[in-house]
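Colleague: got a predicted structure plus its sequence, pasted below:
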Amino acid sequence: MGCMTKNPAVRRFIFRTLAASSAYIVLTISIALTFYKFRPHGPLATVLAVLPAVAILGNIIAIGLYLIEDKDEVQRSVMVELLLWGLGGVLVFTSAWGLLETFTHIRHFNPTYTYTVFWIFVGIGVPFLQRKYR
Amino acid sequence: MNCMQQNPATRRYLIRFVSTIAAYAVALLFAEWCIHRLHPTGALLYGLATLPAVPIIGVIVVVGLYLAEEKDEFQRNLLIQSMLWGLGAILSLTSVWGFLQLYAHVHPFQPYMTFPLFWCFQGIATAALRWRYR
């Protein structure tokens, strides 16, 4: 962690990710409460519904900015590899779930979970890459 | 296209990619035919339903092999960048759609659409990047 904080690009990335994640938590809770209490509808409901997703977009932009800003080639390629592992995992997972949903009528997979599933696969990739680059 | 065919890694990538996509189409049609005609139950039903996901794993492996085999740094980076753009777009789309589904009751997003939509976004990103680096 000490090493990570010395890198300004990583520091900015952590700061932006924490800010976007905090915004996501606050927006998710407040939007859920708003819909529970006031039951908005029409265009207002659409705008309010999209707000938590804006925080997720902020998170995605933070990753993009990190990949542009980090001068450390190794750190950047580790991040890219992790993102590609997450991408592969999420594509296989959603395809398999979608097929099961179509043919066996299992519970519907809400697309908001795609982002979470993506990070789970990124997490699974971490020990493999640590072993590769140690 | 001529230039692409001269590169052995790209040639192998295209052949493998087209083969796995063809295998996906065949597996999908086979699974659908078996499930609708034979009405299997239990493990056989789950096995048949997830059968088309196997070529999707194949596509991921094909992309991984291309990234390992491609000697042309520029071509490799182009694919990585376009995939990262595709990843960002698909995560954004599923997040927005998911919240709209939760609160604004839009049509449910089918999870198996993640895979083809990702490749659509990746294709758009490839075209945009090629135009940028022309």
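Modeller: Thanks, I have the structure now.

Colleague: please count neighbours and contacts with C-alpha atoms only from this point.
Modeller: Noted.

Colleague: how about the most centrally placed residue in chain A: what's its closest non-neighbour residue?
Modeller: For chain A, the residue nearest the mean C-alpha position is A:Tyr115 (4.5 Å; CA atoms, centre = their mean). Nearest residue to A:Tyr115, sequence neighbours excluded (CA to CA, 6 or more residues apart in numbering or on different chains): B:Leu91, at 5.9 Å.

Colleague: now do the SS call for the one you found.
Modeller: helix (DSSP: H, G, I helix; E, B strand; the rest coil).

Colleague: distance-wise, check it relative to A:Leu91.
Modeller: To A:Leu91, B:Leu91 is 11 Å away according to CA to CA, to the nearest Å.

Colleague: what of A:Leu44?
Modeller: 32 Å.

Colleague: and if you look at B:His39?
Modeller: 27 Å.

Colleague: what does chain B put close to chain A?
Modeller: B:32, B:35, B:45-46, B:49-50, B:52-53, B:56-57, B:60, B:84, B:87-88, B:91-92, B:94-104, B:109-115 (CA under 8 Å from any CA of the partner chain).

Colleague: mind listing what's buried along the longest helix that chain B contains?
Modeller: Counting residues, the longest helix found in chain B (DSSP state H) is helix B:8-38. By 16 or more other CA atoms under 10 Å in any protein chain shown, the buried positions in helix B:8-38 come out as B:9-10, B:12-14, B:16-17, B:20-21, B:23-24, B:27-28, B:31-32, B:35.

Colleague: repeat for stretch A:19-33
Modeller: Neighbour-count burial for stretch A:19-33 flags A:Ala20, A:Ser21, A:Ala23, A:Tyr24, A:Leu27, A:Thr28, A:Ile31, A:Ala32 (criterion: 16+ other CA under 10 Å).

Colleague: tell me which entries of these lie within strands.
Modeller: Of the buried residues of stretch A:19-33, none are assigned to strands by DSSP state E.

Colleague: got the contact list for A:Asp70?
Modeller: A:Asp70 makes contact with A:Ala9, A:Val10, A:Arg76, according to CA atoms under 8 Å, 6 or more residues apart in numbering or on different chains.

Colleague: got CSV for those, with distance to A:Leu51 and neighbour count too?
Modeller: As requested, these are exported to CSV (distance: CA to CA, whole Å; neighbours: other CA atoms under 10 Å in any protein chain shown):
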residue, distance to A:Leu51, neighbour count
A:Ala9, 27, 19
A:Val10, 26, 19
A:Arg76, 30, 16
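
Colleague: what's the closest of those to B:Tyr66?
Modeller: Distance to B:Tyr66 across those (CA to CA) is lowest for A:Arg76, with 19.6 Å.
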